[in-house]
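Participant: Task: produce atomic coordinates for the following.
(one chain, ligands or ions: 1)
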Amino acid sequence: MTQTDTISKPGRVAGEAAKRRTFAIISHPDAGKTTLTEKLLLYGGALHEAGSIRARKASRHAASDWMSIEKERGISVTSSVLRFEKDNIRYNLLDTPGHKDFSEDTLRTLVAADSGLMVIDVAKGVEEQTEKLFEVCRLRQVPVITFVNKCDRPGMEPLEVLSNVENKLGIEAIPASWPVGYGQKFQGIYDLIGKELHLYQKSEHGAKKADTVICSLEEGLEKSSLSDAEKEALREEIMLIEDMFSGMDPEGFKKGTVSPVFFGSALNNFGLDVFLNYFKELAPPPQAYSDDSGELHGLDEPFSGFIFKLQANMNPDHRDCAAFVRVTSGQFKRGLEVVHAGTGKKVRMSTPHTLMGDERHILEEAYPGDIVSLFNPGFFRIGSTLYSGSPVSFNVIPLFTPEHFMKVSTKDPFKRKQLREGLKQLSEEGVVHVFEVPNGVGNELLLGTVGVLQFEVVQHRMATEYGVELHMQPVSYNSARWLPSESEKIIEKLESSYSTHITRDMDENPIVLFDSAYALTQAEEKVGAENLFKYKQD
Ligand code: G4P
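Facilitator: Numbering: from 1, shown residues only. All right, here's what the predicted structure looks like:
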């Protein structure tokens, strides 16, 4: 194949991109992400009968469990991509780990998504992990669509849920659908956009789509089992909210400051039809990305993409390392020769594949919005750009602030070199941040992670891949902030405080660690909060 075969035809790629919706679910563990994912596949036609994904999760062999540590724990540490097609639209669902010890990987996966689907439990509202994930959507100004799950269970009333979302996240929550009956009496959804009422019948274990009667509000109320008082209350609520959606600020939605809200029950398949009808319209297709110089890089330009995730040893027999690439422009074809922006090295992409659980499908072609997984020739890094036309580079993946810290060393003095080398490799893969211990002595290093489970991943991988048994000792820093690259003056000012510690990661990025929340507040006053970054993007 020659390079000209792969040059994109004007307009065609943008047309393909318009048919794609690349999104990630943001939720707190137990809100129903796995169940909803499965039901989206059911309603999207990718599964004929629901039950397998949850069953596999339960039997500790979820489709995306590659690493043995994941199998041992029955959780998914890494992210994979699920694809389904419905009504000529390809949905790429970036699966994010749902365990409470989620990692920076989860946050980085969001950078590859064009929209977020926020799933919240009707009884619990917005929970901690959802808030963290939402912050990344806010940072990137990505639209967020909300699905309020478990409406078949006792929980907040719908208006309370909207207030909860607004208060916790500081956004406007606009209802797009409304539950008919709450808790045990939950039996339908009023579609506030199409002005139709959907009444559902449960199928056994929710394995099949729910039988649905679609009718007008009054007809539906007539058929429902609500009491007269409940019917009247529902009419009143609907009158109050029915024009909110049509008045939704489209710019606010695009920037993630306004979120349309759907209600339902993933387990019972209630409300999924209404949600999917509008998700296609609401979730934006891939847009042109800005390159490093701030110029928009059009979708019809030759192939480009960025690496948002590296995953080593997915197959222990081959010790391979996969790089997950989000396509940003052009057509990707098997055999394409691409340039790695960081090193200028050329690589022929002969074995790309997309991942659906543990099955790897060889991918013949991909378009903006698609995720391709490639073998890492060794020099790919998180955030690397690949391209096939004129040089281009995207800087889209920020450094997220580590929240947990551990001092590490090895008892074996002969393994010190392997300790540094192994940790350097794992930090390049984005598994962990590695720092010099502030004012440290000896051969200790400081590890920083977003979720505590990462320490176990590091320990496991250092032992199995580098033969180094790590000795770990917790360090209780309260918080951390990245500093600007040229920060000598700021560092001078910060160094005068005893409860503030400055160090650098293996790429020489300076970071400041605080013993207490008070120390952070003091530092913000001293050097300005604008110089202390929660996310760093140079
Ligand atoms: P997660 O991936 O966000 O962690 O949540 P997951 O889908 O695993 O769901 C967590 C629990 O909530 C599961 O129950 C699941 O069946 C239940 N669930 C999900 N959606 C709904 C819903 O719409 N209504 C109700 N009532 N429950 C829902 P479990 O007891 O942990 O597991 P299982 O025994 O059902 O397998």
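
Participant: Please make it C-alpha for all contacts and neighbour counts, starting now.
Facilitator: Noted.

Participant: which residues pair with whatever residue of the stretch 251-400 of the chain ends up closest to the ligand across the strands?
Facilitator: The ligand sits closest to Ser265 of the stretch 251-400 of the chain, with a gap of 3.3 Å, by Cα to the nearest ligand atom. Beta bridges link Ser265 to Phe270, judged by DSSP bridges.

Participant: Number of residues surrounding it?
Facilitator: By other Cα atoms under 10 Å, the residues close to Ser265 number 26.

Participant: In this structure it contacts Pro179, no?
Facilitator: No: using Cα atoms under 8 Å, Ser265 makes no contact with Pro179, being 9.8 Å away.

Participant: shared neighbours of those two, which are they?
Facilitator: Common contact partners of Ser265 and Pro179 (Cα atoms under 8 Å, 6 or more residues apart in numbering): Cys151.

Participant: What sits closest to the residue nearest in space to the middle of the chain if chain neighbours are left out?
Facilitator: By Cα atoms, centre = their mean, the chain has its centre lying nearest to Leu110, at 3.3 Å. Excluding the flanking residues, the one nearest Leu110 by Cα to Cα, 6 or more residues apart in numbering is Ala24, at 6.3 Å.

Participant: what's across from the one you found in the sheet?
Facilitator: Beta bridges link Ala24 to Leu94, Gly116, judged by DSSP bridges.

Participant: List the contacts of it.
Facilitator: The contact partners of Ala24, by Cα under 8 Å, 6+ apart, come to 93-96, 109-110, 113, 115-117.

Participant: buried subset of these?
Facilitator: Buried members of the contacts of Ala24, scored by 16 or more other Cα atoms under 10 Å, are 93-96, 109-110, 113, 115-117.

Participant: and of these, the nearest to Gly430?
Facilitator: Gly430 lies nearest to Thr109 out of these, by Cα to Cα, at 12.0 Å.

Participant: Would you confirm that that closest one contacts Thr96?
Facilitator: Yes: using Cα under 8 Å, Thr109 is in contact with Thr96, at 6.9 Å.

Participant: who's in contact with stretch 524-534?
Facilitator: Here stretch 524-534 has contacts from 400-401, 480-484, 490, 493-494, 523, using Cα under 8 Å, 6+ apart.

Participant: just checking, which of those belong to strands?
Facilitator: Of the positions in the contacts of stretch 524-534, 400, 480-482 sit in strands, assigned by DSSP state E.

Participant: Quick check: Leu296 touching Tyr289?
Facilitator: Yes: in this structure, Leu296 is within contact of Tyr289 by Cα under 8 Å, at 5.7 Å.

Participant: quick one: which of the two has more around it?
Facilitator: The neighbour count for Leu296 versus Tyr289, taken as other Cα under 10 Å, is higher for Tyr289 (18 against 12).

Participant: Show me the beta-bridge partners of the more buried one.
Facilitator: Taking DSSP bridges as the rule, Tyr289 bridges to His297.

Participant: Next one: it from Phe306, what distance?
Facilitator: 11 Å (Cα to Cα, to the nearest Å).

Participant: quick revisit: can you tell me which of the ones in strands among the contacts of stretch 524-534 is closest to Ser216?
Facilitator: Phe400 (48.5 Å).

Participant: ok now do the nearest residue to the closest one once chain neighbours are set aside, which residues does it touch?
Facilitator: Take Phe400 and drop its neighbours on the chain: the residue closest to it by Cα to Cα, 6+ apart is Tyr535, 4.9 Å away. The neighbourhood of Tyr535, defined by Cα under 8 Å, 6+ apart, consists of 398-401, 482.

Participant: quick one on the thing from earlier: identify the contacts common to Tyr289 and Phe306.
Facilitator: 328, 394.

Participant: mind listing the strands in the stretch 301-450 of the chain by residue range?
Facilitator: Here the stretch 301-450 of the chain has its strands, by DSSP state E, counting those that start in this stretch, at 304-312, 321-329, 332-333, 337-340, 346-348, 353-356, 359-362, 365-366, 371-375, 385-387, 399-400, 404-410, 433-436, 445-449.

Participant: pLDDT below threshold where in the chain?
Facilitator: 1-10, 47-80, 97-101, 312-320, 350-363, 538 (pLDDT under 70).

Participant: related to what we said a few turns ago, with distance to the ligand as new columns, can the contacts of Ala24 be given to me in JSON lines?
Facilitator: Formatted as JSON lines, those follow (distance: Cα to the nearest ligand atom, whole Å):
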{"residue": "Leu93", "distance to the ligand": "14"}
{"residue": "Leu94", "distance to the ligand": "14"}
{"residue": "Asp95", "distance to the ligand": "10"}
{"residue": "Thr96", "distance to the ligand": "10"}
{"residue": "Thr109", "distance to the ligand": "17"}
{"residue": "Leu110", "distance to the ligand": "16"}
{"residue": "Ala113", "distance to the ligand": "19"}
{"residue": "Ser115", "distance to the ligand": "18"}
{"residue": "Gly116", "distance to the ligand": "15"}
{"residue": "Leu117", "distance to the ligand": "12"}
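
Participant: ok, back up a step: quick one: which of the contacts of stretch 524-534 is most hemmed in?
Facilitator: With neighbours defined as other Cα under 10 Å, the most crowded of these is Ala480; it has 26 neighbours.

Participant: Quickly list what it is bridged to.
Facilitator: Leu513.

Participant: Next, the contact list for it, please.
Facilitator: 401-403, 511-514, 534.

Participant: Next one: it from the ligand, what distance?
Facilitator: Distance of Ala480 to the ligand, given as Cα to the nearest ligand atom, to the nearest Å: 28 Å.

Participant: so how far is Ala283 from that residue?
Facilitator: Ala480 sits 34 Å away from Ala283, taking Cα to Cα as the criterion.

Participant: what's the answer for Glu219, then?
Facilitator: Distance from Glu219 to Ala283, by Cα to Cα: 31 Å.

Participant: So which of these two has more stuff around it?
Facilitator: Per other Cα under 10 Å, whichever of Glu219 and Ala283 has more neighbours is Ala283, with 22 against 12.

Participant: Setting the sequence-adjacent residues aside, check what's closest to Asp505.
Facilitator: Among residues not flanking Asp505 along the chain, Phe435 sits closest, at 4.3 Å (Cα to Cα, 6+ apart).

Participant: What count of nearby residues applies to the one you found?
Facilitator: Residues near Phe435, counting by other Cα under 10 Å: 26.

Participant: from memory it sits against Met506, does it?
Facilitator: Yes: counting by Cα under 8 Å, Met506 is a contact partner of Phe435 at 6.3 Å.

Participant: So which elements touch the helix or strand that contains Phe134?
Facilitator: Element membership of Phe134 [criterion: DSSP states H and E] is helix 128-140. Secondary structure elements in contact with helix 128-140, counted by 3 or more Cα pairs under 8 Å, 6 or more residues apart in numbering; DSSP states H and E, are strand 20-27, helix 104-111, strand 115-121, helix 158-169.
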